[in-house]
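[1] Okay, predicted coordinates and the sequence, questions at the end:
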Amino acid sequence: MSWLKFTLSGAALGVLSWMFASAVALAAPPSVEAFGQLPSISEVELSPDGTHFVAVQAYQGREILVIYDMNGPPGKNFQVMSLDVDPELEESLRFVHWVNDNRLVASLEFRVERDGIPLVETRMFGFDNDFGNNHQLPKRKKKEKSARGLYYTSVAQFQDNIIDWLPNDSDHVLIALDKEGESRTLNLYKMNVYNGLTSKQVKGKDKVYWYMTDAQHEPRLRWVGHDDFHHIYHRKSSGDEWQRLFERSDDDGWQYVPLKFSNDPNQLYVQAISDIGRDAIFLFDVAEQKISKTIMSDPKYDVDGLLHDSVSRKIIGAQYTGARGLERIYWDPVYAEVQRKMEAQFSGKNVHITSADKTQNKFSIFVTSPTEPGVYYIYTRSQPGLQEVGRAYAGLKNAKLRPQEPLSFTARDGREIPAYLTLPEGSGPYPMVVMPHGGPTSRISWSFDYWAQFLSSRGYAVLQPNFRGSSGYGSDFETAGDDEWGLAMQDDITDGVKAMIEQGIADPNRIAIVGGSYGGYAALMGAVKTPDLYRCAVAYAPVTDLPKFISERAVYKFSDRNIPGLGHKGEDKERLKTTSPINNVDKINIPILLVHGDKDRTVDVSHSEKMASKLKRKNKAVKLIVQEEGDHGPSLGQHRIELLREMEAFLAAHMR
C-alpha cells in the first residue's frame with residue numbers, strides 16, 4: 001500500500017483556504033446536508049516550531065489531511081493528502097501527530113478479513129510537511145526464501161501502538177508491536193520515523209498487551225493477560241526482573257489504572273476510586289506500593305484523565321466532564337493563563353486547547369457548545385486577537401440552534417438519573433424523541449450533537465438520559481447497570497419519558513425512541529417492553545441478539561468496560577435470551593426503522609438483517625437500510641446524510 005496524493009479543483013480549493021469564507025445564511029430549518037456533512041475541519045495540531053498546522057478536513061464526503069503553512073500566501077499555503085490508501089478499502093483516520101518540526105506520523109484504520117474472519121486493522125505512515133518522503137511504518141521485512149519458495153514475513157494486525165513519542169529524539173518513537181508473528185505477544189521497539197527501521201528494546205512474553213515508560217523514557221510497566229485475570233508488572237530498571245504490581249479480574253476491574261509516571265520514576269499517576277466513589281487521580285508510590293497524594297478529585301463527577309503538552313508530552317493538568325461539558329484544570333501556568341483568557345472571551349462556551357508550539361507562544365483553540373458546532377482558532381500570545389482557522393459545520397454558521405439543558409428525574413426505585421433536554425422553538429407539549437446513548441458505559445455531555453440538533457430543528461423535543469450504567473457519575477452509578485441490559489437500564493429510559501409527560505413537555509401521543517449501537521438496542525427494547533409508549537422506533541447499528549454478540553466480541557472491537565455490564569453467555573443464558581430484541585418480536589407492534597453498515601466491525605450487520613427478517617415473517621412494520629461500505633460510525637458523509645434523511649421521513653410519517 002502507498003499514499004495517494006491528489007490535487008483539488010480551483011472551486012474546491014476555496015473551501016480549503018486558510019480563512020474559511022462566511023457561510024451564506026440558510027433558511028430555517030437548515031438542510032439535512034448541513035447537519036449530516038462530515039465536520040469541515042477537525043484534529044488541528046500545530047507543528048512544534050509553530051510555522052504549520054495539520055488538520056483533517058472533509059472533501060466530497062470523505063476525510064483528507066491538509067497541512068497549512070502559516071507563512072505562505074493565502075490560497076496557496078496548503079498541501080493535501082487523500083486518505084485513500086487502497087481503492088478496495090475504506091479507511092478512517094485514527095490519529096495524526098507531529099514528531100518534529102517537519103515530520104508527521106498518521107495512523108489509519110480499515111476493515112479486512114483474515115481466514116474468513118472480519119477484522120479491523122491499522123497501518124501507520126510517516127511523511128514530511130509537504131507530504132513527501134512518505135513511508136509505511138514500521139518497515140516490513142522483505143520476502144524471504146524457504147524450501148517452499150518466496151514468502152512475506154507475518155504482518156501484525158495493529159501497527160500503531162505508540163508507547164512513547166520520545167520528544168527529545170526527533171527521529172524515533174517507541175512502538176509495541178507483534179512483529180514476529182507471535183499471537184498476542186507485543187515486543188517493544190525503537191522505530192525510526194523516516195525509514196521505519198526498528199530495533200528491539202524489550203522482548204515480550206505470551207499475552208503482553210501494553211507497556212508504559214517513565215519520564216526518562218525507560219520501559220517500566222507492562223500489562224500481561226491471563227484468561228479472566230490481568231496483571232501489570234513493574235521493573236526498576238532495564239536489567240531488573242519484572243515484578244507484579246497490580247491485578248484485575250474481568251468482574252472487579254482494576255484497583256489502580258496507571259496513567260503516567262511523574263518526573264520521579266517511583267511516583268506513578270493512577271486513576272482509582274476515591275472514598276466517595278468517584279474516579280480520581282492520585283500519585284502512587286511504587287516502592288511503598290501505596291497512594292502518596294491525591295492529585296485531583298471532584299465530589300460529583302469522575303475525573304476523566306490527565307492533560308499533556310502536545311510537544312513535550314509533559315503533564316500539564318487534568319479534566320472532568322461536568323454538567324456543562326469538559327472542565328479543564330491546568331497546572332502549567334501558561335496553559336492556565338491561555339485557558340482563562342479564552343474562557344473570558346468565549347463566555348458560556350467550552351474552550352479546548354488542542355495544541356501549542358514548543359515555545360508556548362502559539363496555541364490552537366477549539367470553541368464549542370450545544371449551539372456552536374465548533375470553531376478553530378490560532379491564538380498567539382505575543383500578538384493581539386485571534387485568527388479563525390475554520391468551522392466544523394460551516395453550513396450551520398447562521399443557524400438558530402437550540403440550547404441543551406441539564407436536568408434529572410427520579411427513577412422508579414428512587415435513583416436520580418441525569419439527563420439533557422433540547423427543546424425546539426414554540427411551546428409544549430412537544431412531539432418528543434428519547435435518544436439513549438451508545439456504549440453503554442459512556443455518557444451524554446453538554447455539547448453539540450448533530451442528531452439532537454437536527455431533530456430539534458424538525459420540531460421535536462429531544463431527551464437524552466444518562467441511565468444507570470453510564471460513566472462519569474461514580475462507580476456505584478456505573479456498576480448499577482451491570483447485568484441490567486433491557487431491565488433497570490431500560491426502565492430508566494421509560495421513567496424519563498414519563499417524567500417529561502407529567503411535566504407537560506412531551507405529547508404522550510407523539511413519542512419515538514431513537515438510538516445507535518447500545519442506544520439502538522435500547523430503542524428496540526423500548527418497542528418490546530413499552531410498545532404503547534412509543535409511536536415508532538429507529539435503531540442504528542443495534543445489538544439484537546445478546547448471546548450472539550457475546551460470541552462475536554472476541555472478533556470485533558468491544559470496550560473492556562462494557563463486558564461486566566453485559567453478562568456471561570453460560571451462567572446468564574436465560575436472561576440474555578429474554579432481553580434480546582430478536583427473541584421478542586411478537587411483542588413489537590410499532591413501526592421499526594433499522595439502519596446498519598455492512599462493514600460494521602463493532603456490531604455485525606447480521607444483527608439488523610436477522611431482526612428485520614424475523615419482523616417481516618411476523619408481518620410487523622419494518623424497514624431495513626443496509627449502507628454499503630458503512631461502519632459503526634457512520635463515518636462517511638453520504639451515510640450520515642442518508643441516516644438523517646431516512647430518520648426524518650420515518651418520524652414524520654409515524655408521529656403525526
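    Yep, it's here. Numbering: from 1, shown residues only.

[2] So the chain: which segments form each domain?
    10-396, 404-654 (automatic domain parsing).

[3] for the record, mean pLDDT for the longest one?
    So the one you mean is domain 10-396. Domain 10-396 comes out with an average pLDDT of 87.

[4] Ser107: what's its closest spatial neighbour, skipping adjacent residues?
    The spatial neighbour of Ser107 that comes closest, neighbours along the chain excluded (Cβ to Cβ, 6 or more residues apart in numbering), is Asp160 at 3.7 Å. The C-beta positions use only the backbone N, C-alpha and C, and glycine is treated the same way.

[5] Switch the domains of the chain over to a markdown table; also include mean neighbour count.
    A markdown table is the format used below for the domains of the chain (neighbours: other Cβ atoms under 10 Å):
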| stretch | mean neighbour count |
| --- | --- |
| domain 10-396 | 17 |
| domain 404-654 | 20 |
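
[6] The residue nearest to Ser107 and Ala394: what is the separation?
    Asp160 is 30 Å from Ala394, where distance means Cβ to Cβ, to the nearest Å.

[7] now swap in Phe246 and tell me
    Phe246 sits 47 Å away from Ala394, going by Cβ to Cβ.

[8] Same question for Glu241.
    57 Å.

[9] likewise Asp586?
    Asp586 is 48 Å from Ala394, by Cβ to Cβ.

[10] now do Pro373
    9 Å.

[11] okay, and the common contacts of those two?
    Residues touching both Pro373 and Ala394 by Cβ atoms under 8 Å, 6 or more residues apart in numbering: none at all.

[12] Would you map the helices across this structure?
    All helices of the chain, identified by DSSP state H, fall at 10-13, 32-36, 333-345, 450-457, 475-479, 488-502, 518-529, 546-552, 563-566, 573-578, 606-617, 637-654.

[13] got TSV for these, with distance to Gln201 too?
    TSV is the format used below for those (distance: least, Cβ to Cβ, whole Å):
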stretch	distance to Gln201
helix 10-13	44
helix 32-36	46
helix 333-345	32
helix 450-457	43
helix 475-479	36
helix 488-502	45
helix 518-529	39
helix 546-552	35
helix 563-566	31
helix 573-578	44
helix 606-617	42
helix 637-654	42
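
[14] Out of these, which gets nearest to Pro591?
    Relative to Pro591, the nearest member of the helices of the chain by Cβ to Cβ is helix 637-654, separated by 5.3 Å.

[15] got the angle for that closest one vs helix 450-457?
    40 degrees (axes from the mean of the first three to the mean of the last three Cα atoms, to 10 degrees).

[16] what packs against helix 637-654?
    Packed against helix 637-654 by the contact rule (3 or more Cβ pairs under 8 Å, 6 or more residues apart in numbering; DSSP states H and E) you find helix 32-36, helix 450-457, strand 506-516, strand 536-540, strand 592-597, strand 622-627.

[17] Tabulate these (TSV), appending distance to Arg415.
    Output for the helices and strands packed on helix 637-654, formatted as TSV (distance: least, Cβ to Cβ, whole Å):
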stretch	distance to Arg415
helix 32-36	33
helix 450-457	24
strand 506-516	20
strand 536-540	25
strand 592-597	29
strand 622-627	34
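
[18] from what I can see Glu646 touches Val595, true?
    Yes - with contact defined as Cβ atoms under 8 Å, Glu646 and Val595 form a contacting pair (6.5 Å).

[19] which residues are common contacts for those two?
    Ile625.

[20] hang on, the earlier thing: so which of the helices of the chain is nearest Ala215?
    Closest of these to Ala215 is helix 333-345, at 18.3 Å (criterion: Cβ to Cβ).

[21] Any chance you could list what contacts the closest one?
    Taking Cβ under 8 Å, 6+ apart as the rule, helix 333-345 contacts 307, 309, 316-317, 328, 330, 351, 353, 356, 360, 363, 365, 367, 379, 381, 386.

[22] quick check, nearest of the residues you listed to Ser456?
    Of those, the one sitting nearest to Ser456 (Cβ to Cβ) turns out to be Val367, at 21.0 Å.

[23] residues in contact with the closest one?
    The contact partners of Val367, by Cβ under 8 Å, 6+ apart, come to 342, 346, 349-352, 374-377.

[24] which residues in the stretch 101-250 of the chain form strands?
    103-114, 117-128, 135-137, 144-146, 149-151, 161-164, 172-177, 187-192, 198-202, 208-213, 219-226, 229-234, 243-249 (DSSP state E, counting those that start in this stretch).

[25] Partner strands of the third one, with direction?
    Translated: strand 135-137. Applying DSSP bridges to the sheet, strand 135-137 is found paired with strand 117-128 (antiparallel).

[26] gap between the partner strand and the chain center?
    Relative to its chain's centre, strand 117-128 lies at 17 Å (Cα atoms, centre = their mean, to the nearest Å).

[27] ok, now stretch 155-175?
    Distance, centroid of stretch 155-175 to centroid of chain: 21 Å (Cα atoms, centre = their mean).

[28] and it, how far apart are its ends?
    15 Å (Cα to Cα, to the nearest Å).

[29] any residues touching stretch 253-260, and which ones?
    Residues outside stretch 253-260 that contact it (Cβ under 8 Å, 6+ apart): 212, 221, 232, 246, 248, 268-272, 281-282, 284, 305-306, 308, 315, 561, 564.

[30] ugh, typo on my part, it should be stretch 123-134
    So stretch 123-134 is contacted by 1-3, 5, 47, 52, 65, 67, 69, 79-81, 85, 99, 101-108, 110, 135-138, 159-160, 193-194, 196 (Cβ under 8 Å, 6+ apart).

[31] go again using 7 Å as the cut-off
    The contact list for stretch 123-134 (Cβ atoms under 7 Å, 6 or more residues apart in numbering) reads 1, 3, 5, 47, 52, 67, 79, 81, 102-108, 135-137, 159-160, 193-194.

[32] What distance do you get for the nearest residue to Asp483 once chain neighbours are set aside to Val603?
    Leaving aside its chain neighbours, Asp483 sits nearest to Gly567 (5.3 Å; criterion: Cβ to Cβ, 6+ apart). Using Cβ to Cβ, Gly567 is found at 17 Å from Val603.

[33] ditto for Ile64
    From Ile64 to Val603 the distance is 28 Å (Cβ to Cβ).

[34] Hmm, Gln387 is touching Tyr379, no?
    No - with contact defined as Cβ atoms under 7 Å, Gln387 does not reach Tyr379; the gap is 8.0 Å.

[35] what about the nearest residue to Gly374 once chain neighbours are set aside, distance to Val367?
    Nearest non-adjacent residue to Gly374, counting by Cβ to Cβ, 6+ apart: Ala392, 3.6 Å away. Distance, Ala392 to Val367, by Cβ to Cβ: 10 Å.

[36] circling back: quick one: closest of the helices and strands packed on helix 637-654 to Gly481.
    strand 506-516 (15.2 Å).

[37] who does that closest one touch, helix- and strand-wise?
    strand 430-434, helix 488-502, helix 518-529, strand 536-540 (3 or more Cβ pairs under 7 Å, 6 or more residues apart in numbering; DSSP states H and E).
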